[in-house]
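S.K.: Attaching a predicted model along with its sequence, questions to come.
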Protein chains: 2
Amino acid sequence: MKNKNGRSRAKAVVLLSGGLDSATTLYYARARGFSCTCLSFDYGQRHRRELSAARLIAASAGCERRTVKIALPWKGSSLLDENMRLPAFNRRQRPGFQVPNTYVPARNIIFLSFALSCAEAIGARAIFIGANAVDYSGYPDCRPEFYKAFLNVVRTGTKSGKKQPVRILTPLLNMTKAEIVGLGTRLKAPLELTWSCYAGGSKPCGRCDSCFYRRKGFLEAGIDDPAFRGRHS
Amino acid sequence: MKNKNGRSRAKAVVLLSGGLDSATTLYYARARGFSCTCLSFDYGQRHRRELSAARLIAASAGCERRTVKIALPWKGSSLLDENMRLPAFNRRQRPGFQVPNTYVPARNIIFLSFALSCAEAIGARAIFIGANAVDYSGYPDCRPEFYKAFLNVVRTGTKSGKKQPVRILTPLLNMTKAEIVGLGTRLKAPLELTWSCYAGGSKPCGRCDSCFYRRKGFLEAGIDDPAFRGRHS
């Protein structure tokens, strides 16, 4: 892949769940000139529907997409276990209070590890992840200090090593959800294709954390959620 | 599970590939009083036979074992790609020279991430991994600084967090292979059941790095390799 100056574009791996944040991140990375390989995970999530969204978003961006299939022999999260109750958004469960039961133990650590493996295998020098530590559910693996620590793992534990470590880029980390909606809209990311709801139904439940933050974001950005204009409404 | 004083034994996750080092590590963790859950990975490795060894070793130790199945949509290593030539042990490829093509990008990072997820899901407070940075193939994810960096990921990126981070224990890290053979023998680990060869044949190839270090270990320890007394010879 060449850029407009005829030079090869740098490769990046973009973690693409199929939600609002990861779609915006993909379009951000593309706008920054990277040739993107999207990475999705089929790990037994309740909201497996997000994978169809990821497929459509990657196709819309004209990017290759790979899916890692993982058969996980434990659960420990309401996102994986249909017998656990998926909590409605709860003010007392906001960051600083309590990690909600939708937390999948070490999920972003696992995702980043695979992204790193993929980056080394295909010769990408950057990984983009749409983590956000402002309007989020309080997951520990969304905080800035975690990404700083992970970079040290890249420096010490990979072949690319200290000389040319794969970069971990988190462009949305300190944005509000409204700022993310604004950025995605400016970048013409297909936000109408994104899927945020955790519940696993055919329509967004409107009650879970993820639905709450999505609604909050569009509301505060003063933009109608395009997903509700069309197929999801 | 109770210990001899009637108290519940602390749980640990032990990464068990089925090789000499991981079997010794399992018996070490057990001797330290931990109630161990073994974790193995079916990730498309050429030497898938090691999984049968892991099964027998876990059964011999009386420990539960879980296997994570991963369908990896890239290769980038001769351990995953049958079309790549598996190198014979090469003096010039020893640590400090070059990382051999058996290096699976970010493999131990992926394995540790899953072990961490499992530990959080089952309430284990320690992870044992039989990494070794003395008689090894020069993989970057076997070095002490990597494990130190990973501990910071545990501290910053998990629910157990800074207060009670899951411990990453690497009892073999600074041992020679001969010392590992000695320890495994003293602990009565079933070394005859272990499988080290990378080549994926029905008998050890005797040429790969892993066969080389195993032979070196038994030779320097002055102990006959029990695997060659019986079924593998």
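M.R.: Happy to help now that I have it.
S.K.: Is A:Leu39 located within a helix, as I assumed?
M.R.: No - read with DSSP: H, G, I helix; E, B strand; the rest coil, A:Leu39 is strand and lies in no helix.
S.K.: quick one: pLDDT of it?
M.R.: pLDDT, A:Leu39: 98.
S.K.: What's the separation between it and A:Ser210?
M.R.: Here A:Leu39 is placed at a distance of 20 Å from A:Ser210 (C-beta to C-beta, to the nearest Å). Glycine gets a C-beta too; all of them are placed from N, C-alpha and C.
S.K.: Who has more neighbours out of those two?
M.R.: More neighbours surround A:Leu39 than the other of A:Leu39 and A:Ser210, with 29 against 25 (other C-beta atoms under 10 Å in any protein chain shown).
S.K.: what sits against the residue most central in space within chain A?
M.R.: Residue closest to the average C-alpha location in chain A (C-alpha atoms, centre = their mean): A:Ser22, at 3.8 Å. If you count contacts by C-beta atoms under 8 Å, 6 or more residues apart in numbering or on different chains, A:Ser22 has them with A:14-16, A:54, A:57, A:129-130.
S.K.: Which of the helices or strands spans it?
M.R.: helix A:20-31 (DSSP states H and E).
S.K.: what separates that helix from the chain centre, distance-wise?
M.R.: 9 Å (C-alpha atoms, centre = their mean, to the nearest Å).
S.K.: Which of the helices or strands spans A:Ser78?
M.R.: Using DSSP H and E, no element contains A:Ser78; it sits outside every helix and strand.
S.K.: ugh, wrong one, A:Leu112
M.R.: Going by DSSP H and E, A:Leu112 is in helix A:107-122.
S.K.: ranges for the helices of chain A?
M.R.: Listed in chain order, the helices found in chain A under DSSP state H are A:20-31, A:50-61, A:107-122, A:144-157, A:177-186, A:209-221, A:226-229.
S.K.: Tell me how far A:Ile57 lies from B:Leu39.
M.R.: 33 Å.
S.K.: And A:Pro105, by the same measure?
M.R.: From A:Pro105 to B:Leu39 the distance is 13 Å (C-beta to C-beta).
S.K.: related to what we said a few turns ago, switch the helices of chain A over to CSV, and while doing so, append mean pLDDT to every line.
M.R.: Converted to CSV, those look like this (pLDDT from 0 to 100):
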stretch, mean pLDDT
helix A:20-31, 98
helix A:50-61, 97
helix A:107-122, 94
helix A:144-157, 93
helix A:177-186, 97
helix A:209-221, 94
helix A:226-229, 85
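S.K.: Can you name every helix or strand that the helix holding A:Leu112 contacts?
M.R.: Applying 3 or more C-beta pairs under 8 Å, 6 or more residues apart in numbering or on different chains; DSSP states H and E, one finds that helix A:107-122 contacts strand A:11-15, strand A:35-42, strand A:64-71, strand A:126-128, helix A:144-157, helix B:107-122, helix B:144-157.
S.K.: which helices and strands does the shortest one pack with?
M.R.: For strand A:126-128, the elements it packs on are strand A:11-15, helix A:20-31, helix A:107-122, strand A:167-169, judged by 3+ C-beta pairs under 8 Å, 6+ apart.
S.K.: How many neighbouring residues does the spatially closest residue to A:Ile110 that is not a sequence neighbour have?
M.R.: Of all residues not flanking A:Ile110 in the chain, B:Ser113 sits nearest, at 4.3 Å (C-beta to C-beta, 6 or more residues apart in numbering or on different chains). B:Ser113: 26 surrounding residues under other C-beta under 10 Å.
S.K.: With A:Asn132 instead?
M.R.: The tally of other residues near A:Asn132 (other C-beta under 10 Å) stands at 26.
S.K.: Tell me if I'm right that it and A:Met175 touch.
M.R.: Yes - A:Asn132 is within contact range of A:Met175, at 6.5 Å (criterion: C-beta atoms under 8 Å).
S.K.: Quickly list what's touching both of the two.
M.R.: What both A:Asn132 and A:Met175 touch, as defined by C-beta under 8 Å, 6+ apart, is an empty set.
S.K.: what's A:Leu193 in contact with, if anything?
M.R.: A:23, A:53, A:56-57, A:60, A:227.
S.K.: want to throw these into CSV with distance to chain B and neighbour count?
M.R.: Shown next, in CSV, are those (distance: C-beta to the nearest C-beta, whole Å; neighbours: other C-beta atoms under 10 Å in any protein chain shown):
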residue, distance to chain B, neighbour count
A:Ala23, 21, 32
A:Ala53, 19, 24
A:Leu56, 19, 17
A:Ile57, 18, 28
A:Ser60, 20, 16
A:Ala227, 28, 22
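S.K.: and which of the residues you listed is nearest B:Pro190?
M.R.: For those, the closest approach to B:Pro190 (C-beta to C-beta) belongs to A:Ala53, at 48.5 Å.
S.K.: Please name the nearest non-neighbouring residue to that closest one.
M.R.: Spatial nearest neighbour of A:Ala53, excluding adjacent residues (C-beta to C-beta, 6+ apart): A:Gly18 at 3.4 Å.
S.K.: Distance of that neighbour relative to A:Leu86?
M.R.: Going from A:Gly18 to A:Leu86 by C-beta to C-beta gives 18 Å.
S.K.: ok, now A:Cys118?
M.R.: Shown here: A:Cys118 relative to A:Leu86, a distance of 30 Å by C-beta to C-beta.
S.K.: and what of A:Val14?
M.R.: Distance, A:Val14 to A:Leu86, using C-beta to C-beta: 27 Å.
S.K.: Which residue of the two possesses the greater neighbour count?
M.R.: A:Val14 (30 against 22).
S.K.: Write down the beta-bridge partners of the more buried one, one by one.
M.R.: Beta bridges link A:Val14 to A:Cys38, A:Phe128 when assigned by DSSP bridges.
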